[in-house]
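Colleague: here is the input, now give the coordinates:
(one chain, ligands or ions: 2)
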Amino acid sequence: METTVLSTQDTKAVALGADLIRTGGLVAFPTETVYGLGADGLDGAAVDRIFEAKGRPNDNPLILHVAQKEDAFRLWAGEPPFARQLMDTFWPGPLTLIYYRSKIVPDEVTASLDTVAVRMPDNEAARALIAAAGAPIAAPSANLSGKPSPTTAQHVLQDMSGRIPLILDGGPCHCGVESTVLSLVGTPTILRPGAITKEMLAAVIGEVSLAHSILKPLEAGEKAASPGMKYRHYAPNAQVLVAVGEAEAAAARLSALYDEWTAQGKRVAIAATAEALPFYGDRRTALMGSRRDPATLCRRLFSLLRELDGDSDVILCEGVGTEGAGLAFMNRLLRSAGFRVEYL
Ligand code: TXA
Ligand code: MG
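Modeller: Ligands and ions are numbered 1, 2, ... in the order given. Okay, here's the model as predicted:
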């Protein structure tokens, strides 16, 4: 199968994408978070094709994307607590809400769970595609299962070339990490952190819990609150190693590791924060952004891992604090590293 890339500026591109979705096909499309790999979310056979194209385990449920707030309520069994306030404050935007599913949602979307995840993306082309398709679009990130999520159309092409007919190119994604996933079953609980932070959610609805496995691997026998948490994730081919500490201390530790690996003949790169950059001397570094701006660290992370992966055996990366968007950054970074992390 030939994979075509068309700009979302091209008005015919979105119409062509909607035709593909309506006839059971797959289309990759931009959102404000990462690129999605979409299919008709009410057609179980079409949704199955997503799992095939990604090589994704089919016990990992998908998010349904809607073009209008009202469309979410058809997908849930009743109105989730706090949903109106959250949708009015954060939709369209990077917040996914989970609640009991209605009968129209196929098992293929939810991996047979009794709940479904829904979000309204803050991207005009994405919403135009959903509206023209006339159905909610089921879409995971458009990467091969296990790889870093794609934040440009070129990343999608790297992973999906020959596997899907069409990629809609809307330029680089604004957030760079996937949406915040919030369960509204029981106490509102963040299953996956994102650009909408715990602090932002708490300001609107009060108490919000965090799932246990956000910053650590599942323990033996522990059940994943979100099935996606149990898989190896976001990992480039290179080995990622993380050091968390003050800028100068982190740079000293990562420089020592750099020298050790280099002496063993490995190709090493350092993903550095602006604050630590001066401490690495002439070692090979790539700038992530400032520690004071975790949203930028999020925006750059997956893209940087893909860039460095091509010519590195080992990627050494600084960790940061988990306040605000720092939590989303650390959640993705630690998974990319398979939890190989040192706290200094
Ligand atoms: O920003 C995003 O959310 C992107 C863009 C394309 O919208 N999508 C995305 O989808 O990241 P995906 O499939 O890569 O991640 C969905 C996450 C997984 O961790 C999955 O386990 C969880 O949401 N999830 C989906 N439905 C769920 C449910 N009913 N209960 C618990 N977790 C669920
Ligand atoms: Mg994903």
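Colleague: ligand 1 contacts on the stretch 101-250 of the chain?
Modeller: Taking C-beta under 6 Å from any ligand atom as the measure of proximity, the stretch 101-250 of the chain contacts ligand 1 at 110, 113, 115-117, 121, 139-141, 178-179, 181, 191-192, 226-228. (Glycine included, C-beta is placed from N, CA and C.)
Colleague: in helices, which of those appear?
Modeller: Using DSSP state H, the members of these that fall within helices are T110.
Colleague: now F339, what's its secondary structure?
Modeller: Secondary structure assignment for F339 (DSSP: H, G, I helix; E, B strand; the rest coil): coil.
Colleague: nearest to ligand 2: which residue in the stretch 101-250 of the chain?
Modeller: Of all residues in the stretch 101-250 of the chain, the one sitting closest to ligand 2 is S141 (3.4 Å; C-beta to the ion).
Colleague: quick one: contacts for that residue?
Modeller: Taking C-beta atoms under 8 Å, 6 or more residues apart in numbering as the definition of contact, the neighbours of S141 are V34, Y35, G36, L37, S149, P150, E178.
Colleague: dump those residues to CSV, plus distance to T11.
Modeller: Rendered in CSV, the data for those read as follows (distance: C-beta to C-beta, whole Å):
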residue, distance to T11
V34, 24
Y35, 20
G36, 20
L37, 22
S149, 27
P150, 24
E178, 28
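Colleague: looking at those, which is nearest A53?
Modeller: Ranked by distance to A53 (C-beta to C-beta), the contacts of S141 are led by L37 at 6.5 Å.
Colleague: next, the closest one: secondary structure please.
Modeller: L37 is classified as strand under three-state DSSP.
Colleague: residues near the closest residue to it other than its chain neighbours, how many?
Modeller: When the adjacent residues along the chain are set aside, L37 lies closest to A142, with 3.9 Å between them (C-beta to C-beta, 6 or more residues apart in numbering). The local packing count at A142 equals 30, with neighbours defined by other C-beta atoms under 10 Å.
Colleague: look up phi and psi at A142.
Modeller: Its backbone dihedrals place A142 at phi -90, psi 40, with angles given as degrees, to the nearest 10.
Colleague: then F29?
Modeller: Dihedral angles for F29 - degrees, to the nearest 10 - are phi -140, psi 150.
Colleague: quick one, which of the residues of the stretch 101-250 of the chain next to ligand 1 are buried?
Modeller: Taking 16 or more other C-beta atoms under 10 Å as the criterion, what is buried in those is 110, 113, 115-117, 121, 139-141, 178-179, 181, 191-192, 226, 228.
Colleague: farthest-apart pair in these, please.
Modeller: Distances among those were taken as C-beta to C-beta; the most separated pair is L113 and P121, at 21.9 Å.
Colleague: so what touches stretch 185-193?
Modeller: The set of residues external to stretch 185-193 that reach it, using C-beta under 8 Å, 6+ apart, is 81-82, 98-100, 115, 178-183, 198, 201, 205, 207-211, 214, 225-226, 228-229, 327-328, 331.
Colleague: returning to what we had before: so how far is V268 from the residue of the stretch 101-250 of the chain closest to ligand 2?
Modeller: Using C-beta to C-beta, to the nearest Å, S141 is found at 27 Å from V268.
Colleague: and if you look at L144?
Modeller: Noted for L144: a distance of 25 Å to V268, by C-beta to C-beta.
Colleague: the two - which one has more neighbours?
Modeller: Neighbours were tallied for L144 and for V268 using other C-beta under 10 Å; the higher tally belongs to V268 (23 against 16).
Colleague: quick check: the more buried one touching L308?
Modeller: No. Because the distance of 9.7 Å does not satisfy C-beta atoms under 8 Å, V268 is recorded as not touching L308.
Colleague: what touches both of those two?
Modeller: Residues touching both V268 and L308 (C-beta under 8 Å, 6+ apart) are I315.
Colleague: could you find the closest non-adjacent residue to L16?
Modeller: Counting by C-beta to C-beta, 6+ apart, the nearest residue to L16 once its immediate chain neighbours are dropped is L166, at 6.7 Å.
Colleague: show me what the one you found is bridged to.
Modeller: Under the criterion DSSP bridges, L166 forms beta bridges with T4, V27.
Colleague: any idea how far it lies from T115?
Modeller: As judged by C-beta to C-beta, L166 and T115 stand 30 Å apart.
Colleague: same question, E222
Modeller: Computed with C-beta to C-beta, the distance linking E222 and T115 is 19 Å.
Colleague: just P227 next, same as before
Modeller: P227 sits 11 Å away from T115, going by C-beta to C-beta.
Colleague: I167 too?
Modeller: I167 is 30 Å from T115, where distance means C-beta to C-beta.
Colleague: and for M1, the neighbour number?
Modeller: By other C-beta under 10 Å, 10 other residues sit near M1.
Colleague: my bad, G134
Modeller: 12.
Colleague: now A202
Modeller: Neighbour tally, A202, other C-beta under 10 Å: 12.
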